[in-house]
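Novice: Here is a sequence together with a model predicted from it:
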Amino acid sequence: MRILLLSDIHANLEALEACLAAAPSFDLAVNLGDIVGYGASPNEVTSRCRDLGKVFVRGNHDKAATGLLDLDDFNPMAAAAAIWTRDELTSENLEWLRALPQGPVSVEGFPEVQLVHGSPIDEDGYVVSLGDALAPLITLTVPLTFFGHTHLQGGFFASASAADGFRPEYRSIGQAESVALQLKSDTRYLINPGSVGQPRDGDWRAAFALFDTEAQTVHFHRAPYNLKDAQDRINAANLPSRLATRLAAGR
């Protein structure tokens, strides 16, 4: 089976459509959370995600926009976007987002795989460094965990002899590209497909991944998208202008 992994779309419709256009054929699409927040197309992106797949994990921005998370822990820019999103969502989309499940979520037929938004041991925890990753890597019984939240494409692994982090290396900063990671047996992985709509690794292109369960290979992808249209939507909605300008920097 070929599983399309989407995470942290953040209401960026242009980035989502570019990912779907660039994605190879797939059998199942899964979503690791933060469907909304920051971007200016919450209803369009939510509806698109609802049509696309059936396996979801809630993100902290999904919770914030639907009243399940106190905004005190959000910076002013993120809080303003969450409040705007809450007012903008249709009642149907708001209730659907509110009902998204907390991770970890399993994938039917693949007991070796689980899906989370943040850390496997804390749905809102950030796994940024190897230090963050070691505890779940050591304690988990599931060998392969896909996570989001950090907006950093790549991940971490641990085996009996080594533990380290990894990032895909691309040749350009403006074209559609992919990099393959061959999974090894007797190794546990935490893998982040990257952020569709708000990359923070210095690469502005939308990020996603494809997991081939038979070949045990994860293909990381980057896809250019209509950046100006996404920025224009944010500005037209009177959201904080920084949400538009930072898209170009991938930060």
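Specialist: Yep, that arrived. Please read these numbers as outputs of a predicted model, since none were measured by experiment.
Novice: Please make it C-alpha for all contacts and neighbour counts, starting now.
Specialist: Noted.
Novice: May I ask you to confirm that V179 is in contact with H221?
Specialist: Yes - the pair V179 / H221 is scored as a contact, 6.6 Å apart, by Cα atoms under 8 Å.
Novice: higher neighbour count, those two?
Specialist: Shown here are V179 and H221; by other Cα atoms under 10 Å, H221 has more neighbours (25 against 15).
Novice: Can you verify my assumption that the more buried one contacts S178?
Specialist: Yes - assessed by Cα under 8 Å, H221 is found in contact with S178 at 4.3 Å.
Novice: Return the set of buried residues in the longest helix along the chain.
Specialist: Scanning the chain for the longest helix, with DSSP state H as the assignment, gives helix 76-88. Judged by neighbour count using 16 or more other Cα atoms under 10 Å, the buried positions of helix 76-88 are 78-86, 88.
Novice: for that helix, packing partners?
Specialist: Counting contacts by 3 or more Cα pairs under 8 Å, 6 or more residues apart in numbering; DSSP states H and E, helix 76-88 is packed against helix 42-52, helix 60-65.
Novice: need the buried residues of helix 76-88 in a markdown table with distance to K228 and pLDDT, can you?
Specialist: Listed next are the buried residues of helix 76-88 as a markdown table, based on distance: Cα to Cα, whole Å; pLDDT from 0 to 100:
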| residue | distance to K228 | pLDDT |
| --- | --- | --- |
| A78 | 21 | 95 |
| A79 | 24 | 96 |
| A80 | 22 | 96 |
| A81 | 19 | 97 |
| A82 | 22 | 97 |
| I83 | 24 | 97 |
| W84 | 21 | 98 |
| T85 | 20 | 98 |
| R86 | 24 | 97 |
| E88 | 22 | 98 |
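Novice: and of those, the nearest to A64?
Specialist: Relative to A64, the closest of those is A82; by Cα to Cα it sits at 6.1 Å.
Novice: mind checking the backbone torsions on A29?
Specialist: Note on A29: backbone dihedrals following degrees, to the nearest 10 are phi -110, psi 130.
Novice: Would you mind confirming that it makes contact with G53?
Specialist: Yes - with contact defined as Cα under 8 Å, A29 reaches G53; the gap is 5.1 Å.
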